[in-house]
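Novice: sequence and predicted model, in that order:
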Amino acid sequence: MKHLKSLVFLVVSAFMLNTSFAQKMESTVDVGGAPMYPSKNIIENAVNSKDHTTLVAAVKAAGLVETLETPGPFTVFAPTNEAFDMLPKGTVETLLKPENKAKLSGILTYHVVAGKLDSKELAALIKAGNGTAELKTVAGGKLWAMMKGNKIMLKDENGGTATVTIKNVYQSNGVIHVIDHVLLPKS
C-alpha cells in the first residue's frame, strides 16, 4: 500500500510538473496582468485578465461562453474595461439586464470575426483592399480595418473607431486583439 501511494504521488507530481513546464514553454502575451496561453481557449484566458472583467461579465450575461469555448476559430476584438467605461453612464448596467440579452449578444458578436486573423493577415487584407479591409462580423455587420502608422485601426458602422493596443494574443481557438473602444453596430 505504501508503495502504491508513493507511485501515485510520483505520477501526480510528474503530471503537474509537466503541465507547469509546458505552460511556461508556451509563448505567452501578458494581458491585464496575466499570461495568455496559446493552448487555452478564449474564455479560459479572458477570465484571468484584470483589464477584461466587464467583457467577461457581458459574455456570461449574453450566454456566449459555450460558443467562445468551441474550436472556432475566432478573431476577437476585445474592448478593455476602460473602453466600456467610455460608453454613456448606465449603458453597461442596462445591457447586462436579462431583458437586453439579445442586444448585448449582438454588440458582443459584432466584435468577433470568423477565422483566425492575426495582425499579419489583417495587414495583408488592408493592403489588398488599397488601405481598407472590410470584415464581416459574426453578428452579420461590417467592420473596416486600416493602418495608422504601424497600428491597426477599426471603424464600426457608425463611424466610431478603435485602436488595437495589444495584437496577436493567440488562443487554441483563435486570436484576440485588445482594443481601446467598444465598437457598435448600426442600430
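Specialist: Received the coordinates, thanks. Every value quoted in this text rests on a predicted model; they were computed, and no experiment measured them.
Novice: now for the helix or strand where Val76 lies, which elements pack on it?
Specialist: Assigned by DSSP states H and E, Val76 belongs to strand 74-79. Judged by 3 or more CB pairs under 8 Å, 6 or more residues apart in numbering; DSSP states H and E, strand 74-79 is in contact with helix 42-46, helix 53-61, strand 112-114, strand 161-171, strand 174-179. (C-beta placed from N, C-alpha, C; glycine too.)
Novice: just name the most buried of these.
Specialist: Among these, strand 174-179 has the highest mean neighbour count (mean count of other CB atoms under 10 Å), at a mean of 24.
Novice: got the angle between that strand and strand 74-79?
Specialist: Angle, strand 174-179 to strand 74-79, by axes from the mean of the first three to the mean of the last three CA atoms, to 10 degrees: 20 degrees.
Novice: list the contacts of strand 174-179.
Specialist: For strand 174-179, the external contacting residues (CB atoms under 8 Å, 6 or more residues apart in numbering) are 31, 36, 42, 45-46, 51, 72-80, 83, 111, 115-119, 152, 154, 162-169.
Novice: for Ile166, give me its contacts.
Specialist: Contacts for Ile166 (CB under 8 Å, 6+ apart) come out as Val29, Val31, His177, Val178.
Novice: where does pLDDT dip in this structure?
Specialist: Flagging of the chain using pLDDT under 70 yields the residue ranges 1-26.
Novice: which parts of it are helices?
Specialist: Counting by DSSP state H, the chain has helices at residues 2-25, 42-46, 53-61, 65-69, 81-85, 91-95, 101-109, 119-128.
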